[in-house]
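Undergrad: Fold the following and give me the result.
(one chain, ligands or ions: 1)
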Amino acid sequence: MRILVVGGGGREHALCWAIAGSPLCDKLYCAPGNAGIAREAECVSIAAENIPAIVEFAQREAIDFVVVGPETPLVLGLVDRLTEAGIESFGPTGPAAALEGSKAFMKDLCAKYGIPTAGYGRFTEPAAAKAFIRQKGAPIVVKADGLAAGKGVIIAETTAEAETAVDDMLTAGQFGEAGAEVVIEEFLQGEEASFFALVDGETALPLASAQDHKRAFDGDMGPNTGGMGAYSPAPAVTDAVAAEVMRKIIEPTVAAMRTEGRPFKGVLYAGLMLTVEGPKLLEYNVRFGDPECQVLCARLMSDLLPALIATHDGLLKNFHLRWLDKAALTVVMAAKGYPDSYQRGSTIRGLDRAAALSDVLLFHAGTKAGPNGAVLADGGRVLGVTATGATIAAAQARAYEAVDLIDWPQGFCRRDIGWRAING
Ligand code: AMP
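TA: Now for the predicted structure:
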């Protein structure tokens, strides 16, 4: 098969690494890819959001199957346009991707079908939004409706802070169209957990559990980021929790999306709060998490590609995935300054040394090739250093051993990835 992966981050490097190892894959392309992905796939310089150019490339190169990594092209309807062109792909249609693309849609769906989530209101008028905030009190959560690259969620400690967030989004247009409507919701308490399942429109097949760290600094402090590390399995997601999440959240969502005429195919990623009343849905993502995808690919023993194809074909019912009976842990190395402003173009050394350690996988998130084989930083999150081990602690030790072999003064990473799982 001729395969095209869309995207150019650590998630896509992990996907390309897994797909390149499949006996079904004859030729692998990635658009746009990065310097690490170029070892697994032929990179083509088309942006992931350039829908017409991706469709045209897939037609011209007779691609058999497209795997879409990031959310933006999904929400923009890449899968719909590929289907019209007769090309099969992995990922939800635009209308189904609204589960991530519109928080208001997701909340209304949960309300209509009794899926547990935080109480909420949706608003386009600042006055009504502020009245709701004053009525509910703080802490309270203000969210931009649309995609805002992880920045559209404000956890307000005071009603004044929440009202400022409303002004920023609805009046000042901080997130543009994505913030033209806001969802204001109840603040939930508990431990956060993620849950991933492949969904073929009808059947949901849970993946191994995984948990990320969203905050920039040690101790889960500092600003929210795209994710500074991850580990699998996630001890918080016990078999009992997983069963409850499937029964109360994932399966009702899959059924609801069918009823709504938006059958969901792809990977459904639920962000959960494990509250005293049971798991509640914080958000849906309609693609693999990054860096969670890196730990999942490191633990997946089965061939990933047939699973992605079965998801498209509606054949997950009797599908089985085998997972390595070990832990995996990813440490993200980011450019200093991330998630705010940072420099591109610094040289990273020691990558081959780090990758040569046993039980270590090095995925690139934001790199480009420099002169004479140099690897240059080209993004906020730049590398994902993944290791496997008998326990999360062992995987963590090995991952940091690899990190310490990488010579990149302009980068930083957290030193405590996995701490919650390790400390119990
Ligand atoms: P989201 O993008 O909706 O997952 O929100 C980003 C982060 O904000 C989550 O990972 C949580 O840490 C936090 N968060 C979102 N909604 C709530 C809520 N209703 N209560 C408490 N924390 C929340």
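
Undergrad: The stretch 1-150 of the chain: strands as residue ranges?
TA: With strands called from DSSP state E, counting those that start in this stretch, the stretch 1-150 of the chain shows them at 2-7, 27-32, 42-43, 65-68, 88-90, 120-123, 140-144.

Undergrad: could you redo the ones you listed as CSV and give each row mean neighbour count?
TA: Where C-beta positions appear, they are placed from N, C-alpha and C, glycine not excepted. Formatted as CSV, the strands of the stretch 1-150 of the chain follow (neighbours: other C-beta atoms under 10 Å):
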stretch, mean neighbour count
strand 2-7, 26
strand 27-32, 22
strand 42-43, 18
strand 65-68, 26
strand 88-90, 24
strand 120-123, 20
strand 140-144, 24
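
Undergrad: would you list these in JSON lines and tack on distance to the ligand and mean pLDDT?
TA: Formatted as JSON lines, those follow (distance: least, C-beta to the nearest ligand atom, whole Å; pLDDT from 0 to 100):
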{"stretch": "strand 2-7", "distance to the ligand": "19", "mean pLDDT": "98"}
{"stretch": "strand 27-32", "distance to the ligand": "25", "mean pLDDT": "98"}
{"stretch": "strand 42-43", "distance to the ligand": "30", "mean pLDDT": "98"}
{"stretch": "strand 65-68", "distance to the ligand": "20", "mean pLDDT": "98"}
{"stretch": "strand 88-90", "distance to the ligand": "23", "mean pLDDT": "98"}
{"stretch": "strand 120-123", "distance to the ligand": "8", "mean pLDDT": "94"}
{"stretch": "strand 140-144", "distance to the ligand": "4", "mean pLDDT": "92"}
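
Undergrad: Output the ones you listed in JSON lines; the columns should cover distance to residue 54.
TA: Converted to JSON lines, those look like this (distance: least, C-beta to C-beta, whole Å):
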{"stretch": "strand 2-7", "distance to residue 54": "6"}
{"stretch": "strand 27-32", "distance to residue 54": "6"}
{"stretch": "strand 42-43", "distance to residue 54": "13"}
{"stretch": "strand 65-68", "distance to residue 54": "8"}
{"stretch": "strand 88-90", "distance to residue 54": "10"}
{"stretch": "strand 120-123", "distance to residue 54": "32"}
{"stretch": "strand 140-144", "distance to residue 54": "26"}
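
Undergrad: In contact with residue 237, which residues?
TA: By C-beta atoms under 8 Å, 6 or more residues apart in numbering, residue 237 lies in contact with 193-195, 209, 211, 245.

Undergrad: I'd like the distance between residue 85 and residue 63.
TA: Applying C-beta to C-beta, to the nearest Å, the value for residue 85 to residue 63 is 10 Å.

Undergrad: hmm, back to that, same list as before, the contacts of residue 237 that is, but in TSV and with secondary structure included.
TA: As requested, these are exported to TSV (DSSP: H, G, I helix; E, B strand; the rest coil):
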residue	secondary structure
193	strand
194	strand
195	strand
209	coil
211	strand
245	helix
